[in-house]
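[1] Compute the structure for the input listed below.
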Amino acid sequence: MLKALTGSSLVKTSTSSPLTRYFGHLSKSKTKTLGKSHGRVIILGSGWAGYQLLRKLNKKDYEVTVVSPRNHFVFTPLLASTAVGTLEFRGIVEPVRGYSKDIDYHQAWVDGVDLKRQVIRCTSNLEDNKGQEFELDYDKLVISVGAYANTFNTPGVKEHGIFLKDISDAKKIRNRVLECFEYAAQPGVSDQEKAAKLHFAIIGGGATGVEFSSELYDFISEDLSRLYPQLMDHTRMTVYDVAPSILNTFDSKLADYATKKFTRRGIQIKTGTHVVRVEKDYVELKEEGKVPYGMLIWSTGLSANPLVESLKDIAKDERSHRILTNEHLQVLDDEKKEPYSNVYALGDCATILNQDLPATAQVANQKAIYLSKTLNNEVKGKPTDQGFSFKNMGSMAYIGSWKAVVDMSAVHEGATEGGFLAWLFWRSAYLSMTVSARNKMLIPMYWFSAFLFGRDVSKL
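    This is a model prediction of the structure:
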């Protein structure tokens with residue numbers, strides 16, 4: 001192996017392989033010599049914050065580079081729909097490279113950031129050279145790596161639970177649901193085994209947990225009930241939450257409305273419940289002991305990304321461990337709380353000092369728009385003096401059977417709605433927010449196909 005050092009980029013490569021020539025090219029790209037007046041902006045992550053920023057950033061004056069282990073953006077509000085076949089996976093993804101030919105992209109993990117040298121250390125996430133290390137230097141760095149699911153160090157969650165954060169999780173869920181039904185349909189399976197295998201446990205009663213429970217209910221009641229009618233008496237769903245109610249960030253009337261709808265459909269809601277540990281076939285609860293399940297979905301909030309945890313010399317929130325920034329989204333020094341002028345953080349991995357904003361797609365999206373305007377104005381010589389201000393546009397959640405809850409009381413007092421009209425608003429709002437014209441066409445097509453022909457029940 002040969003260490004090739006050019007400028008500030010260090011790459012370990014083999015001298016004879018095509019990979020050498022490829023990564024050797026990377027090693028020669030130095031900042032301030034890119035033909036762009038304001039140098040290289042590296043964006044870490046392709047989630048809501050990172051993808052919106054790469055779309056809005058001025059690419060005539062900035063060399064925009066995106067580093068992310070996945071080469072696409074996921075429209076997460078509709079992720080639960082793909083887990084049960086209401087939508088297909090392609091309808092909610094946007095390729096990073098597909099948006100613009102004027103950006104550079106590397107499918108890799110970021111292992112560390114050297115703030116003094118202005119360098120990021122990366123590891124390739126490609127199958128043909130997985131683990132290959134390389135470095136990239138930057139003029140401006142934007143950290144938008146998101147966050148991981150919070151397990152609260154509960155034993156067994158990572159090994160036996162399923163999260164709902166990405167397309168791979170949705171595929172795993174769809175296959176697991178069908179696996180449970182096929183298992184219960186086989187001869188020789190006792191009623192007790194059927195009841196255990198067809199118990200679907202959702203840990204977390206927030207918007208994600210409620211929406212997934214609703215989508216799963218629709219899938220079972222509208223599609224699987226036709227294919228496995230003999231198993232419906234053995235099928236049940238339970239939503240567990242440590243809080244006193246589900247949807248506790250919504251207006252209390254809407255939360256009560258959703259609770260009543262769930263109860264009438266036979267979806268059990270058990271609040272004030274604490275999970276002790278998760279095993280392969282059962283979850284142990286403090287209040288009930290061991291409860292068997294066929295599939296367990298874990299949706300209980302967020303924890304810090306490992307990259308964020310590894311970063312030194314930057315300030316972090318003591319409670320959430322997210323990166324602390326000032327009102328201009330600049331990362332703060334750990335000691336004096338002074339900003340790094342060329343390092344920014346936004347999305348779920350960051351929070352503003354003395355502003356406890358929620359880690360939601362809405363906040364991440366607005367931060368990305370603000371930062372893009374700031375950096376674009378910098379090119380024009382128009383510094384942005386005003387800091388970031390979050391405008392709460394409300395919350396929405398699907399609750400099944402063509403009904404939803406919409407809480408826009410933050411926009412206008414009393415602007416809350418639950419039922420069919422709220423569902424129409426929920427669907428039309430998310431369709432309008434979809435990025436590409438292609439997906440604006442695909443999503444209604446998938447919705448109509450599922451309505452007309454039913455959801456796909458093939459294991460992938």
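[2] so where does residue 332 fall, helix or strand?
    strand 330-332 (DSSP states H and E).
[3] helices or strands up against that strand?
    Strand 330-332 sits against strand 323-325, strand 339-345, with contacts defined as 3 or more CB pairs under 8 Å, 6 or more residues apart in numbering; DSSP states H and E. C-beta here means a position set from N, CA and C on the backbone, and glycine is covered the same way.
[4] which outside residues touch the shortest one?
    Just to be clear, that refers to strand 323-325. Strand 323-325 has contacts (CB atoms under 8 Å, 6 or more residues apart in numbering) with 143, 308, 311, 314-317, 331-332, 337, 339, 344-346, 349-353.
[5] mind running it again at 7 Å?
    With contact meaning CB atoms under 7 Å, 6 or more residues apart in numbering, strand 323-325 is reached by 143, 308, 314-317, 331-332, 345, 349-353.
[6] tell me which of the residues you listed is nearest to residue 302?
    Ranked by distance to residue 302 (CB to CB), these are led by residue 349 at 9.2 Å.
[7] how many other residues sit next to residue 260?
    Around residue 260 there are 12 other residues, counting by other CB atoms under 10 Å.
[8] Checking it next. Helix, strand or coil?
    helix (DSSP: H, G, I helix; E, B strand; the rest coil).
[9] on that earlier part again, mind putting the helices and strands packed on strand 330-332 into a markdown table with mean pLDDT, distance to residue 82 and mean neighbour count?
    As requested, the helices and strands packed on strand 330-332 are arranged in a markdown table below (pLDDT from 0 to 100; distance: least, CB to CB, whole Å; neighbours: other CB atoms under 10 Å):
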| stretch | mean pLDDT | distance to residue 82 | mean neighbour count |
| --- | --- | --- | --- |
| strand 323-325 | 97 | 30 | 25 |
| strand 339-345 | 97 | 29 | 20 |
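[10] Helix or strand with the lowest mean pLDDT in the protein?
    strand 2-6 (a mean of 33; mean pLDDT, DSSP states H and E).
[11] measure the residue nearest the centre of the chain to residue 375 for me?
    Residue closest to the mean C-alpha point of the chain, counted by CA atoms, centre = their mean, is residue 165 at 4.6 Å. Separation of residue 165 from residue 375 (CB to CB, to the nearest Å): 28 Å.
[12] Residue 64 sits in which helix or strand?
    Judged by DSSP H and E, residue 64 forms part of strand 63-68.
[13] Sorry, wrong one. I was asking about residue 135.
    Assigning secondary structure by DSSP H and E places residue 135 in strand 133-137.
[14] quick one: the helices in the stretch 301-450 of the chain?
    306-310, 361-379, 420-433, 437-453 (DSSP state H, counting those that start in this stretch).
[15] so how far is the second one from its chain's centroid?
    Right, the one you point to is helix 361-379. 19 Å (CA atoms, centre = their mean, to the nearest Å).
[16] again with the last one
    Using CA atoms, centre = their mean, we find the averaged C-alpha position of helix 437-453 to lie 22 Å away from the chain's own average C-alpha position.
[17] packing partners for that helix?
    helix 420-433 (3 or more CB pairs under 7 Å, 6 or more residues apart in numbering; DSSP states H and E).
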